[in-house]
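Participant: Sequence first, predicted model second:
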2 protein chains.
Amino acid sequence: MELDSAGVPANIAAAWGLRERPGKGPKPGLTLDGIVQAGIRVAAADGVGAVTMSRVAAEAGASTMALYRYVRAKDELLELMVDAAIGDPPPLTHGGDWRAGLVAWSWACRELYRRQPWVLRVPVSGPPATPHQLAWMDSGLAAMAQTGLREEAKLSIVLLLTMYVRNEAVVAVDMQTAVQALGSSLDEAMAAYGTLLRMLVDPARFPALARAIEAGVLDRADDPDEEFVFGLDRILDGVGLLIGQQAGS
Amino acid sequence: MELDSAGVPANIAAAWGLRERPGKGPKPGLTLDGIVQAGIRVAAADGVGAVTMSRVAAEAGASTMALYRYVRAKDELLELMVDAAIGDPPPLTHGGDWRAGLVAWSWACRELYRRQPWVLRVPVSGPPATPHQLAWMDSGLAAMAQTGLREEAKLSIVLLLTMYVRNEAVVAVDMQTAVQALGSSLDEAMAAYGTLLRMLVDPARFPALARAIEAGVLDRADDPDEEFVFGLDRILDGVGLLIGQQAGS
DNA sequence: CGCTTCTGTGTATGTCATACGCTGTTCTGT
DNA sequence: ACAGAACAGCGTATGACATACACAGAAGCG
């Protein structure tokens, strides 16, 4: 991990716009932001897999190698793209109600992934340190400002929710992808999966699973929103219990 | 997605050993399992990034292209490697205590990832359908057999836990990687992260986050186990509440 | 015993990221 | 002004890699 003069890792420095570009040589014809936006357009159109340096360069109207004057490597570009794509969280509007605040926060996050599913395909590279990632984190923490929880607990909870939302979104996008690959509806895809498992699952070997399948769990697709709310409610119920304990002690 | 004669997707058929290999030509000198094991050795030694067809072939004692007689593509090999690596879950030993059962299940899963962190770097390709994935799922469902929950709810909970454990493991491995890259201890790495955020986080812009940082949340590394238990407890508390409601209604 | 089918293999191709060096541009110090 | 330094954008070269293709020999079938 290379550090710049202030001790900030290079890729993070880029995300915060801390790159020093001394005014010596010719005027830059491109902007970092322009390149990042070009990358986002490519990813939005054809997925992260289509984000090659040459494709992005073409989209930005430059040659492949020109990008490397702005970006250290492809990974850095991807990181910048993600940071730009997630943007700032919506303002908190639920005052003192931590639960409503976290629910709104989670939905906003989910919506973001729904709009820009390619973000989910970018491998995570480390702990959150880009401006918009921190903004989301701040917003999540702020929702719990009046709960009396220890800061450590708040942080853990935000991370827990972050993961949850992200993973739920990954699953949803995977389903979407499968659906499109099969050219069928969501219900059909789920039914196909159900049929597959019925074929593979031997009740003697997987009794509990077989019972679930027989109960028809896979015969129809759940409303993905309901699925999302279910897990979210379990987590927030647990958080509520903790807050209650904290208040009681 | 290609289907074989029985309607099973090709990659899944491979994982279940359903590949038909007619006894016509010369005796195969390799085995699918041998190749998969070779792949696992490479991944364990140098990470998923080092798993190239030629490297695996060398490890298996064959030429690069020989692998393609056993595996449709690299992705399929990775899928098979993961399935083989996760193996079967440990037997349930907590009888009727759903919570103890799920805790043990989660720890076993976490331990698995701890031993074979490379598994976490293999991109997930779809809903669980390989034998060992289903075995873990079955085991998780079995832990809740006597809770009276709807099968649908059980499934959601298992998926929720699966995600949770996986993500927690990803974070842990990321930390480990960062620590090794910096050549320092866990505490030092966390401190470096804390210092970084202190530098970047403007209290005016990120008040809640600044408060957490000032509280010293990042000054020392949590015991990763405690962090794990914290989130797990939140989730299981939520599940417990649901089970209570179910019993009451 | 010849035909078919399959194995292992070598080679070829196409895609990528990225290092390197060239050309022309713009600013700095005189 | 002007010389020279530092830098922008570009073309080409390199080195991984996955994988298509075609070949030579082996093993079973008739």
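Facilitator: The structure has been received and is ready for your questions.
Participant: Can you give the domain ranges for chain A?
Facilitator: As given by automatic domain parsing, the domain ranges for chain A are A:10-85, A:88-183+A:219-248.
Participant: would you put the C-alpha positions of stretch A:48-59 in CSV?
Facilitator: Extracted C-alpha coordinates of stretch A:48-59, given in CSV (Å, rounded to 0.1, in the frame of the first residue of the first chain):
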residue,chain,number,x,y,z
VAL,A,48,-18.4,-4.3,-14.6
GLY,A,49,-17.0,-7.0,-16.9
ALA,A,50,-17.2,-4.6,-19.7
VAL,A,51,-15.2,-2.0,-17.9
THR,A,52,-11.8,-2.3,-19.7
MET,A,53,-9.4,0.5,-19.9
SER,A,54,-9.8,0.8,-23.6
ARG,A,55,-13.5,0.8,-23.4
VAL,A,56,-13.6,3.5,-20.8
ALA,A,57,-11.0,5.5,-22.7
ALA,A,58,-13.2,5.4,-25.8
GLU,A,59,-16.2,6.5,-23.8
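Participant: Quickly check: that stretch near DNA strand C or not.
Facilitator: Yes: legend: contact between stretch A:48-59 and DNA strand C by C-beta under 7 Å from any atom of the strand is shown at A:Val51, A:Thr52, A:Met53, A:Ser54. In short, each C-beta sits where N, CA and C put it, glycine included.
Participant: List the buried residues in that stretch.
Facilitator: Neighbour counts over stretch A:48-59 (16 or more other C-beta atoms under 10 Å in any protein chain shown) mark A:Val48, A:Val51, A:Met53, A:Arg55, A:Val56, A:Ala57, A:Glu59 as buried.
Participant: do the same with stretch A:98-117
Facilitator: Buried, per 16+ other C-beta under 10 Å, within stretch A:98-117: A:98-99, A:101-107, A:109-110, A:112-113, A:116-117.
Participant: Alpha carbons only: can I get that stretch in CSV?
Facilitator: What follows is stretch A:98-117, C-alpha atoms only, in CSV (Å, rounded to 0.1, in the frame of the first residue of the first chain):
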residue,chain,number,x,y,z
TRP,A,98,-33.9,5.2,15.6
ARG,A,99,-35.8,2.3,14.1
ALA,A,100,-37.6,4.4,11.5
GLY,A,101,-34.3,6.1,10.7
LEU,A,102,-32.4,2.8,10.2
VAL,A,103,-35.2,1.4,8.1
ALA,A,104,-35.2,4.4,5.9
TRP,A,105,-31.4,4.2,5.7
SER,A,106,-31.5,0.6,4.7
TRP,A,107,-34.2,1.1,2.0
ALA,A,108,-32.2,4.0,0.6
CYS,A,109,-29.1,1.8,0.4
ARG,A,110,-31.1,-1.0,-1.2
GLU,A,111,-32.6,1.4,-3.7
LEU,A,112,-29.1,2.6,-4.6
TYR,A,113,-28.0,-1.0,-5.4
ARG,A,114,-31.2,-1.6,-7.3
ARG,A,115,-30.5,1.3,-9.5
GLN,A,116,-26.8,0.5,-10.0
PRO,A,117,-26.5,-3.2,-9.6
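Participant: thinking again about what came up before, closest one of the buried residues of stretch A:48-59 to A:Gln246?
Facilitator: A:Val48 (41.2 Å; C-beta to C-beta).
Participant: Next up, the contacts around the residue lying closest to that closest one once chain neighbours are set aside.
Facilitator: In space, A:Val48 comes closest to A:Arg121 once its chain neighbours are excluded; the distance is 4.3 Å by C-beta to C-beta, 6 or more residues apart in numbering or on different chains. Neighbouring residues of A:Arg121 by C-beta atoms under 8 Å, 6 or more residues apart in numbering or on different chains: A:Gly47, A:Val48, A:Gly49.
Participant: DNA strand D contacts on chain A?
Facilitator: The interface of chain A toward DNA strand D, taken as C-beta under 7 Å from any atom of the strand, is made up of A:21-22, A:24-30, A:57, A:62-66, A:68-70.
Participant: Filter those residues down to the buried ones.
Facilitator: For these, a neighbour count by 16+ other C-beta under 10 Å gives the buried set as A:Leu30, A:Ala57, A:Ala62, A:Ala66, A:Tyr70.
Participant: Can you add distance to B:Met137, secondary structure and pLDDT and give the residues you listed back as CSV?
Facilitator: CSV is the format used below for those (distance: C-beta to C-beta, whole Å; DSSP: H, G, I helix; E, B strand; the rest coil; pLDDT from 0 to 100):
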residue, distance to B:Met137, secondary structure, pLDDT
A:Leu30, 49, coil, 95
A:Ala57, 45, helix, 98
A:Ala62, 49, coil, 97
A:Ala66, 49, helix, 98
A:Tyr70, 46, coil, 96
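Participant: how about those residues in JSON lines, adding distance to A:Glu168?
Facilitator: Compiled in JSON lines, these are given as follows (distance: C-beta to C-beta, whole Å):
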{"residue": "A:Leu30", "distance to A:Glu168": "37"}
{"residue": "A:Ala57", "distance to A:Glu168": "35"}
{"residue": "A:Ala62", "distance to A:Glu168": "38"}
{"residue": "A:Ala66", "distance to A:Glu168": "39"}
{"residue": "A:Tyr70", "distance to A:Glu168": "34"}
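Participant: And the helix or strand where A:Ala153 lies, what's buried?
Facilitator: Assigned by DSSP states H and E, A:Ala153 falls within helix A:151-182. Neighbour-count burial for helix A:151-182, counted by 16+ other C-beta under 10 Å, picks out A:151-175, A:178-179.
Participant: Rounded mean pLDDT for it, please.
Facilitator: Averaged over helix A:151-182, pLDDT sits at 91.
Participant: Ok, stretch A:7-23 next?
Facilitator: 86.
Participant: Any part of it near chain B?
Facilitator: Yes: using C-beta under 8 Å from any C-beta of the partner chain, stretch A:7-23 comes into contact with chain B via A:Gly7, A:Val8, A:Pro9, A:Ile12, A:Trp16.
Participant: Disregarding residues adjacent in the polypeptide, which is nearest to A:Asp83?
Facilitator: A:Thr130 (3.9 Å).
Participant: ok, now which ones touch that neighbour?
Facilitator: A:Ile12, A:Ala15, A:Trp16, A:Glu79, A:Leu80, A:Val82, A:Asp83.
Participant: try 7 Å
Facilitator: A:Thr130 is in contact with A:Ile12, A:Ala15, A:Glu79, A:Asp83, counting by C-beta atoms under 7 Å, 6 or more residues apart in numbering or on different chains.
Participant: What of A:Ala169?
Facilitator: Residues counted as contacts of A:Ala169 (C-beta under 7 Å, 6+ apart) are A:Arg110, A:Tyr113, A:Arg114, A:Leu120.
Participant: what do you get for A:Leu209?
Facilitator: When contacts are counted by C-beta under 7 Å, 6+ apart, A:Leu209 touches A:Val201, B:Leu134, B:Met137, B:Asp138, B:Leu141.
Participant: Please identify which of those residues is nearest to A:Ala215.
Facilitator: Closest to A:Ala215, out of all of those and judged by C-beta to C-beta, is B:Leu141, at 10.7 Å.
Participant: Show me the contact partners of the one helix or strand that closest one maps to.
Facilitator: Assigned by DSSP H and E, B:Leu141 belongs to helix B:131-143. Contact with helix B:131-143 is made by A:201, A:206, A:208-209, A:212, B:15-16, B:83, B:86-89, B:92, B:98, B:101-102, B:105, B:109, B:128, B:154-155, B:158, B:161, as judged by C-beta under 7 Å, 6+ apart.
Participant: ok, back up a step: adding secondary structure and distance to A:Phe228, write the buried residues of stretch A:48-59 out as TSV.
Facilitator: Output for those, formatted as TSV (DSSP: H, G, I helix; E, B strand; the rest coil; distance: C-beta to C-beta, whole Å):
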residue	secondary structure	distance to A:Phe228
A:Val48	helix	23
A:Val51	coil	28
A:Met53	helix	36
A:Arg55	helix	33
A:Val56	helix	33
A:Ala57	helix	38
A:Glu59	helix	33
